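Peer 1: okay, here's the prediction I keep looking at, along with the sequence it came from:
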Amino acid sequence: MKVQKLNTAPPRPVSIRRAPDSPPGPPPKKDTSGLTLPPGNRFHWDPQAAKWALRARDVLLPLAFRIDRQDLQKLPQDASFILAGTHQHPLDGLLASTLMGKSPYASMIDIEQFRGTVGKLFANTGGIPVDRHKEYAGDFPDPVAHSVEVLNQGHRFLIYPEGGVYPGTVVYPIKSGLARIGISSTARYAVPLAQHYARDPKSHPVEALVGSSLSAAVAGAGIWAARHGGLAGAVAGVMTGLVGGLVLGAVAGASVAPKENIPNLADKAIKWGGVGALATAVVGGAIGCVAPGAAPWMIGATSGLTGLVGLGLTYQWTHRPLATLKVGEPVDLKPYRDHINQSKDPKAEWKESLKLTADFYEAMKATKFQLTGVASPFRMDHEGKAWGQQPDGSWAEVERNSEGRWEPVQLPPK
């Protein structure tokens, strides 16, 4: 009888071939359901919505700024044009829109700004959503090509070619999108616009006197009415509640919104301010009418608070910054198109766009210098390169880093 021997040797290790790691796929696209985008993600101008939006703009902007518009006669009156401004403040576009009159105009706006009430206004008043990082699902037109379409329809176009917000007096090198849009469209002119913000050097004693007097009158009337109850107390409660609740609600709403997203911040402040005003007005009115015992100290306190708020608003009103918009000399786009049409060089359009970019940058710098008296330490050449003046007075080629700062180009080691 044969006995089968058991193999007691240790098993040989089995090598498993691993499949090479595949590169990670693209992240899933974000849904646009939380955004208020224009129909088809394209230029849209709703006359009714625009009428109310422009009225609100014309009322609210003077409350935040003293506005000085200079050289408006340089704006073309009989044709579509490109208005290109220096970008120093988040509200630059809103201020520049006052130069467009009541005519429909378009502007490129980051897609993240199309949220809430402000986003809805953008969608109905010519805002073209730009998905810079291709993060959202949907059919978005090429921004340059679509801007050309808008101009060719006879509309005006507002753009900020620096590609970011740069507080201060320096005009930074611009992108070539402005030139590509201008050359490819039928617009005749590109107009430089310098925008600047500064403290108002003038005093305004009449405004201060009027604001202080109104604040004192409101506070005094509220305290007097609170002592009488009935209808007078109810009116005092409603009025002081409206003012106090509006201010407190708006401040609370703005404090919880991201500071870098102006439309979202404004939307939160408006909604929370409205809710606060309504709630405190109802409570104040009820107390003033039916609780005369509690009304004097309750409404008296809110009346005093309303007076203090009025004094604070008076100070802000009399010290609001001076916003200046200066229109520069229009740059005629026709010569650049003529050079392209007359040239046999297949790269003529690209070369002319770089030339126009450099020429228009000089026009922007000149306009800002006329306004501030401060020269920008940058220049651009006709090859698309940007140069910055160094501390020793020399010029070095510069590029914008990932944080938006302009630094000397780092040449690879030899």
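Peer 2: The structure has been received and is ready for your questions. Numbering: from 1, shown residues only.

Peer 1: all strands for the stretch 1-150 of the chain, in order.
Peer 2: Secondary structure of the stretch 1-150 of the chain by DSSP state E, counting those that start in this stretch: the strands cover 66-70, 81-85, 105-110, 127-130.

Peer 1: assign the residue lying closest to residue 388 once chain neighbours are set aside to helix, strand or coil.
Peer 2: Spatial nearest neighbour of residue 388, chain neighbours left out: residue 398 (4.0 Å); criterion: C-beta to C-beta, 6 or more residues apart in numbering. All C-beta spots, glycine's among them, are computed from the backbone N, C-alpha and C. For residue 398, the secondary-structure state derived from DSSP: H, G, I helix; E, B strand; the rest coil is strand.

Peer 1: quick one: mean pLDDT over stretch 176-192.
Peer 2: Stretch 176-192 comes out with an average pLDDT of 94.

Peer 1: buried sites along it?
Peer 2: Across stretch 176-192, burial judged by 16 or more other C-beta atoms under 10 Å covers 176-185, 187-192.

Peer 1: try stretch 350-366
Peer 2: Of all the residues in stretch 350-366, those buried under the rule 16+ other C-beta under 10 Å are 350-361, 363-366.

Peer 1: helices along the stretch 101-250 of the chain, start to end?
Peer 2: For the stretch 101-250 of the chain, applying DSSP state H, counting those that start in this stretch gives helices covering 116-124, 143-152, 177-184, 205-226, 230-256.

Peer 1: how many other residues sit next to residue 62?
Peer 2: By other C-beta atoms under 10 Å, 13 other residues sit near residue 62.

Peer 1: ranges for the strands of the stretch 251-400 of the chain?
Peer 2: 322-327, 331-332, 378-380, 386-389, 395-400.

Peer 1: out of the strands of the stretch 1-150 of the chain, nearest to residue 318?
Peer 2: Comparing these by their distance to residue 318 (C-beta to C-beta), the top pick is strand 66-70, with 10.0 Å.

Peer 1: what is the orientation angle of the closest one with strand 322-327?
Peer 2: Counting by axes from the mean of the first three to the mean of the last three C-alpha atoms, to 10 degrees, strand 66-70 lies at 20 degrees to strand 322-327.

Peer 1: quick revisit: as a markdown table, the strands of the stretch 1-150 of the chain with mean pLDDT would be great.
Peer 2: Listed next are those as a markdown table, based on pLDDT from 0 to 100:
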| stretch | mean pLDDT |
| --- | --- |
| strand 66-70 | 92 |
| strand 81-85 | 95 |
| strand 105-110 | 91 |
| strand 127-130 | 91 |
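
Peer 1: and of these, who's closest to residue 409?
Peer 2: Per C-beta to C-beta, nearest to residue 409 of those: strand 81-85, 25.3 Å.

Peer 1: want to throw the strands of the stretch 251-400 of the chain into a markdown table with distance to residue 104, mean pLDDT and mean neighbour count?
Peer 2: Shown next, in a markdown table, are these (distance: least, C-beta to C-beta, whole Å; pLDDT from 0 to 100; neighbours: other C-beta atoms under 10 Å):
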| stretch | distance to residue 104 | mean pLDDT | mean neighbour count |
| --- | --- | --- | --- |
| strand 322-327 | 20 | 94 | 20 |
| strand 331-332 | 23 | 96 | 18 |
| strand 378-380 | 32 | 94 | 19 |
| strand 386-389 | 34 | 92 | 18 |
| strand 395-400 | 33 | 89 | 14 |
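
Peer 1: I'd like these written out as TSV, with distance to residue 271 added.
Peer 2: Converted to TSV, the strands of the stretch 251-400 of the chain look like this (distance: least, C-beta to C-beta, whole Å):
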stretch	distance to residue 271
strand 322-327	26
strand 331-332	43
strand 378-380	42
strand 386-389	43
strand 395-400	37
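
Peer 1: with the buried residues of stretch 176-192 in mind, which one is nearest to residue 158?
Peer 2: Nearest to residue 158 out of those is residue 191 (C-beta to C-beta; 10.1 Å).

Peer 1: who are the contact partners of the closest one?
Peer 2: If a contact means C-beta atoms under 8 Å, 6 or more residues apart in numbering, then residue 191 has 74, 75, 76, 81, 82, 83, 84, 327, 328, 330, 331 as its contacts.

Peer 1: same thing but 10 Å
Peer 2: Counting by C-beta atoms under 10 Å, 6 or more residues apart in numbering, residue 191 touches 74-76, 81-85, 99, 156, 327-331, 360, 363, 367.

Peer 1: same question, residue 373
Peer 2: residue 169.

Peer 1: do you know how far it is from residue 198?
Peer 2: Residue 373 sits at a distance of 12 Å from residue 198 (criterion: C-beta to C-beta, to the nearest Å).

Peer 1: between those two, which contacts overlap?
Peer 2: Residues touching both residue 373 and residue 198 by C-beta under 10 Å, 6+ apart: residue 169.

Peer 1: check which residues of stretch 51-68 are buried.
Peer 2: Within stretch 51-68, judged by 16+ other C-beta under 10 Å, the buried ones are 53, 54, 57, 61, 65.

Peer 1: now, which of those residues sits nearest residue 385?
Peer 2: Nearest member of the buried residues of stretch 51-68 to residue 385, counting by C-beta to C-beta, is residue 65, at 36.4 Å.

Peer 1: that closest one against residue 196, yeah?
Peer 2: No - counting by C-beta atoms under 10 Å, residue 65 does not reach residue 196; the two are 11.3 Å apart.

Peer 1: so what sits against both of those two?
Peer 2: 89, 321, 322, 323, 324.

Peer 1: rebuild the residues you listed as CSV, extending it with distance to residue 117.
Peer 2: Formatted as CSV, the shared contacts of residue 65 and residue 196 follow (distance: C-beta to C-beta, whole Å):
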residue, distance to residue 117
89, 21
321, 24
322, 28
323, 23
324, 28
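
Peer 1: let me know the closest of those residues to residue 130.
Peer 2: Of all the shared contacts of residue 65 and residue 196, residue 130 sits closest to residue 89, with 19.3 Å by C-beta to C-beta.

Peer 1: and that closest one, how many residues sit next to it?
Peer 2: Neighbour count for residue 89, taken as other C-beta under 10 Å: 19.
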